[in-house]
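# I need the structure of the sequence given here:
(one chain, ligands or ions: 1)
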Amino acid sequence: MQLAVIDDKTIPYADLEPSYLDRGTFFGDGVYEVVRSYHGRLFALEEHLARFERSLREVAITGVDIADIRNRVMAAFERAGIANAKVYFHITRGSGDRNHCAAAWMKPRFFMTVMELEEKPANKEHGVSVSTFPDWRWKRCDIKSLNLLANVMARMDAEKKGCAEAILVNDSGEITEGSSSAIFLVRSGGSEIVTRPLGPDILPSITRSMVERLAMPAGVRVVEEAFRPEDAMRAEELFLAVTTQDIVPVVQFDKIRIGGGRPGNCTRRLIELFAEHVR
Ligand code: PDD
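As a prediction, the model looks like this:
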């Protein structure tokens, strides 16, 4: 008899719920998005949907209607009635017997949660510590794929070191991004912010592009170039950019204090501009 064992329960294989056979679980074969709302309004939903559509296309998951995803997200968000919400959704290629090659009949599966977003005002006010970790990820980090094991390992290492984020360093000794955030450094007396150029080795972060758009009219030049841990340690200021927390100052990098251990003026100004933008 074909069977399945779920924890301490044994059942006939034929009785398995399809969700146990999801290709997301077997292979990380799917893509996801995280969107947030500010004050009852979803933020940058169209940008997230465009990135989602691109991720689907890049991994050749077909048959997904983005207009339908938009409707589902908006309906669930309305229904939850949470002003500052975190909306997570993913699509996997489908579910069925474990086989690297998906069957033609498989249908993409959708999953979403709408939850209270955990605000971390202390991180914004006082800044966080980060630590470096090797970037062990695959060569298409521009796709928001469900394969996050390398990110998870990096983040857990950071957590063990008492740090809020892991900063990933590639084989050439350059910083790519955080385990789940983009990273910027500030230089030239606060008149320039630097972040890695987009490419296959980083996620095209929506917050990163928002920061760039806010910085330019505020007289802060945006420079897209690679930098190393040595540059980060000597930076005037450092900050992270991520949907769930927008801008977070970094005040310690691999135990080295940045900017005297306090969030700097440029980062604080960008935090204010971001807050004004989403008000
Ligand atoms: N992470 N880089 C990586 C590897 C990320 O996973 C994320 C976001 C970012 C920031 O992207 P954005 O500004 O579009 O949120 C950069 C989400 C929040 C997560 O995995 O939970």
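# give me the residue from the stretch 1-150 of the chain nearest the ligand.
Per CB to the nearest ligand atom, residue 34 is where the stretch 1-150 of the chain lies closest to the ligand, at 3.9 Å. (Glycine included, C-beta is placed from N, CA and C.)
# part of a helix, is residue 176?
No. Residue 176 is assigned strand when assessed by DSSP: H, G, I helix; E, B strand; the rest coil, not a helix.
# OK, contacts around the residue of the stretch 1-150 of the chain closest to the ligand?
Applying CB atoms under 8 Å, 6 or more residues apart in numbering, we find residue 34 in contact with 48, 86-88, 243-244.
# do the same with residue 8
By CB under 8 Å, 6+ apart, residue 8 has no neighbours at all.
# phi, psi for it please.
Backbone torsions of residue 8, given as degrees, to the nearest 10, read phi -110, psi 20.
# likewise for the one 3 residues further on?
Main-chain dihedrals, residue 11, degrees, to the nearest 10: phi -140, psi 160.
# what are the bridge partners for it, then?
Under DSSP bridges, the beta-bridge partners of residue 11 are residue 4.
# test my guess that it contacts residue 1.
No. Under the criterion of CB atoms under 8 Å, residue 11 makes no contact with residue 1, lying 10.4 Å away.
# more neighbours: which of the two?
residue 11 (13 against 6; other CB atoms under 10 Å).
# residues contacting the nearest residue to residue 128 once chain neighbours are set aside?
Take residue 128 and drop its neighbours on the chain: the residue closest to it by CB to CB, 6 or more residues apart in numbering is residue 164, 3.7 Å away. With contact set as CB under 8 Å, 6+ apart, residue 164 has these partners: 123, 128-130, 158, 248.
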